[in-house]
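# Quick one: sequence plus predicted model below, questions after.
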Amino acid sequence: MGRFKSRRGGRQGQPPPPPDHDPLRPPRPPEIFLRMCTWEEAMHRLSHQVTAYVRQGRPEVLVVHGRGRGSPDGRGVLGDAVRQWCLDHPDLVREWYAAPPSWGGDGAVVLRLNV
């Protein structure tokens with residue numbers, strides 16, 4: 001019993017930091033997952049969840065819409081729909097930008113909310 005105890009290294013009682021934790025990189029914002037939704041479901045979910053995040057005072061949200069590879073024609077529809085929804089709702093969304101590659105790249109958008 002005693003011989004294995006001395007081989008344990010590291011800090012006792014503290015969990016290791018998450019593997020993607022980088023103090024120089026901002027934390028990942030909360031996510032709205034729209035992949036595999038129909039257009040109607042996606043717009044309904046986006047509207048309700050963005051409104052809830054604005055009420056909570058969240059400054060940013062990550063919208064994962066996917067790249068559209070599973071679409072019948074192989075072209076994404078939800079990405080364009082999300083961007084158009086943002087343009088149509090300036091009272092909720094201040095601005096939006098493409099997500100960094102580690103957050104989804106072309107298949108996601110980061111929304112800056114009006115809080």
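Received, thanks.

# For the chain, just list every one of the strands.
Using DSSP state E, the strands of the chain run over 31-33, 60-64, 93-98, 108-113.

# Residue 41: which of those is closest?
strand 31-33 (11.3 Å; C-beta to C-beta). Quick note: C-beta positions are derived from backbone N, CA and C, even for glycine.

# Listing partners with orientation, what would you give for that closest one?
Strand 31-33 has the following strand partners under DSSP bridges: strand 60-64 (parallel).

# which residues of the protein fall in helices?
Here the chain has its helices, by DSSP state H, at 2-5, 39-56, 78-88.

# right, and the ones you listed - which one's nearest residue 98?
helix 78-88 (9.7 Å).

# What count of nearby residues applies to residue 34?
Applying other C-beta atoms under 10 Å, we find 25 other residues in the vicinity of residue 34.

# so how far is residue 26 from it?
For residue 34, the distance to residue 26 (C-beta to C-beta, to the nearest Å) stands at 22 Å.

# correct me, but residue 42 touches residue 76?
No: using C-beta atoms under 8 Å, residue 42 is not in contact with residue 76; the gap is 11.2 Å.
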